[in-house]
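Structure for the following, please:
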Amino acid sequence: MELLAYNDLINRNDFEYFFRFKKTENNFEDLWRMKSTAREALREWLFSMHKTPQMVEVIANSSSELIENCIKYSDQGSFSFVLMRVHGDEVTIETANKAEPELKQNVVRFVEYITAKQNNPTEIYIKKITESLATGKSQLGLLKILMETEGAMEVVQDKGEENIVHLKVTIKV
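Predicted coordinates:
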């Protein structure tokens, strides 16, 4: 990694937070604390940039939701990662975790569905709430992130990694 020249660095408001974890039977509480620490680091950085409290909370909550999903749906014994960046007026949150093939396909289909231009997120939200009454599963977290942040969401296809759920959310601040 090459360090930028001093004059290039002094005019930047960059933030980067990365962590990698291995999910085991005994470390759920530790991972939950790591999630909270990451959320608070991003939150404090955004406040230091003088962003509105509402915007800061929406983005911090979105990061928390993505990290929670990464922790909950990671295969036992597998490694996962979280990367959060702020560069200029853009926040990027990425999570990647190994998951069962069926779960990955469900995530890919759902993200494609909620990000399709012809679909109305509010209508999808109402439909999912109605479905959750019967199934007990809402799947509202990703949809809520998309609606509240008005950001872009994608599933990144990592070459050679069939069972990796790699989500990337980009938000303008």
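
And the strands in this protein, which stretches?
With DSSP state E as the criterion, the chain has strands at 15-22, 79-87, 90-98, 152-155, 164-172.

of all these, which lies closest to L66?
L66 lies closest to strand 90-98 among the strands of the chain, at 5.0 Å (CB to CB). From N, CA and C alone the C-beta is placed, and that goes for glycine too.

Return the distance of the closest one from the chain's centre.
Centroid separation for strand 90-98 versus its chain: 5 Å, with CA atoms, centre = their mean, to the nearest Å.

what do you get for stretch 45-62?
Relative to the centre of its chain, stretch 45-62 is centred 15 Å away, using CA atoms, centre = their mean.

Find the centremost residue of this structure, please.
Taking CA atoms, centre = their mean, the centroid of the chain lies closest to L66, which sits 3.4 Å from it.

Can you give me the distance of the residue nearest to it when sequence neighbours are not counted to I124?
Excluding its sequence neighbours, the residue lying closest to L66 (CB to CB, 6 or more residues apart in numbering) is T95, at 5.0 Å. Taking CB to CB, to the nearest Å as the measure, T95 falls 21 Å from I124.

now R43
Taking CB to CB, one finds R43 at 28 Å from I124.

S78 too?
30 Å.

So those two - more neighbours on which side?
I124 (19 against 15; other CB atoms under 10 Å).

That one and V111, how far apart?
For I124 relative to V111 (CB to CB), the value is 12 Å.

before we move on, what about Y73?
14 Å.

and L83, how many neighbours does it have?
Counted with other CB under 10 Å, L83 comes out at 16.

now V155
Neighbours of V155 (other CB under 10 Å): 18.

what are the bridge partners for it, then?
L167 (DSSP bridges).

Just the mean pLDDT for stretch 84-94, thanks.
Mean pLDDT, computed over stretch 84-94, is 95.

contacts for it?
Applying CB atoms under 8 Å, 6 or more residues apart in numbering, the contact partners of stretch 84-94 are 12-18, 38, 41-42, 45-46, 49, 59, 62-63, 66, 81-83, 151, 156, 166-173.

That concludes my questions; thank you for your assistance.
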